[in-house]
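S.K.: Quick one, what's the 3D model for this:
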Amino acid sequence: MNFKILTLFPNYFTSPLEEALLKKAIDKKIINVELHNLRDYSDLEHQSVDDTPYGGGAGMVLRADVLSKAINELNKDKKSLVILTDPSGEKFNQSLASTLSEKEDIILICGRYEGVDERFKELYVDREISIGDYVLNGGEAAALVIIDAVSRLVKGVIGSPESLEFESFSEVEIDNKKVQILDYPTYTKPADFEGESVPEVLLSGNHGEIAKWRKEKALSKTKRLRGDLLK
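M.R.: Numbers count the residues shown, from 1 in each chain. The predicted structure is shown next:
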């Protein structure tokens, strides 16, 4: 799977891509991440990429002509899915991460300043994605979140595929309806911690009862913390 990141700050990604599972996946060539500086595609003075908004207002807007030149270069075969990180985009969630993990080539455009010229969005962007109802200084952090969440669903990135079978936002069937629930509580050694013991069922060796307990606790946890998922 190939990610192409279009950003004004390529160095923002250097450390995260050199750590943990992302680094291992890159080293194994399961995923590939290319960093592209938007300024490299500008023919304007000082490699400018933005300008003041028509109609007035604060801030600057990323220019459609510079962005389109970059995308035409990065997506010559027109096979890449072009994503713009934008706080007004569709909400990123586990279901969308799963959908994106089936793609072979994704271009992530990191939004900046007051946004992107609307004409570019309409002509070149396939999906606008937001990672939450808040505004960041730029889309780099959002791009990293998307890469991290999507990559772990690509075959071979997670060492134990069983880890993906039941985790937060997994789909289960309750009352003949598929809903997303949070992960169940987990415990490890020591068996006694500051007077609190591990639930007996987890020490029983009865896998059927353990599975039942975990589903019940996951449902209870979801009702308490994220009841909106069950509606």
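
S.K.: what mean pLDDT does the longest helix seen in the chain have?
M.R.: Criterion DSSP state H: the longest helix present in the chain is helix 207-225. Average pLDDT, helix 207-225: 93.

S.K.: Then stretch 141-150?
M.R.: The model assigns stretch 141-150 a mean pLDDT of 98.

S.K.: For that stretch, which residues meet the burial criterion?
M.R.: For stretch 141-150, burial by neighbour count (16 or more other C-beta atoms under 10 Å) applies to Ala142, Ala143, Leu144, Val145, Ile146, Ile147, Ala149, Val150. The way it works is simple: take the backbone N, C-alpha and C, and place the C-beta from them, glycine included.

S.K.: and the nearest residue to the first one once chain neighbours are set aside, how many residues sit next to it?
M.R.: For Ala142, ignoring the flanking residues on the chain, the nearest one in space by C-beta to C-beta, 6 or more residues apart in numbering is Thr85 at 4.0 Å. Residues near Thr85, counting by other C-beta atoms under 10 Å, number 27.

S.K.: Check Ala25 too.
M.R.: When neighbours are defined as other C-beta under 10 Å, Ala25 has 22 of them.

S.K.: Give me the helices and strands touching the helix or strand hosting it, please.
M.R.: Ala25 belongs to helix 20-27 when assigned by DSSP states H and E. Here helix 20-27 touches strand 32-37, helix 140-151, going by 3 or more C-beta pairs under 8 Å, 6 or more residues apart in numbering; DSSP states H and E.

S.K.: quick one: the first one to chain centroid distance?
M.R.: The reference is to strand 32-37. 16 Å (C-alpha atoms, centre = their mean, to the nearest Å).

S.K.: The next helix-or-strand element following that strand pairs with which strands, parallel or anti?
M.R.: Sequence order places strand 50-51 as the next helix or strand after strand 32-37, per DSSP H and E. When pairing is defined by DSSP bridges, strand 50-51 lines up against strand 61-62 (antiparallel).

S.K.: for the strand it pairs with, what is the average pLDDT?
M.R.: Average pLDDT, strand 61-62: 95.
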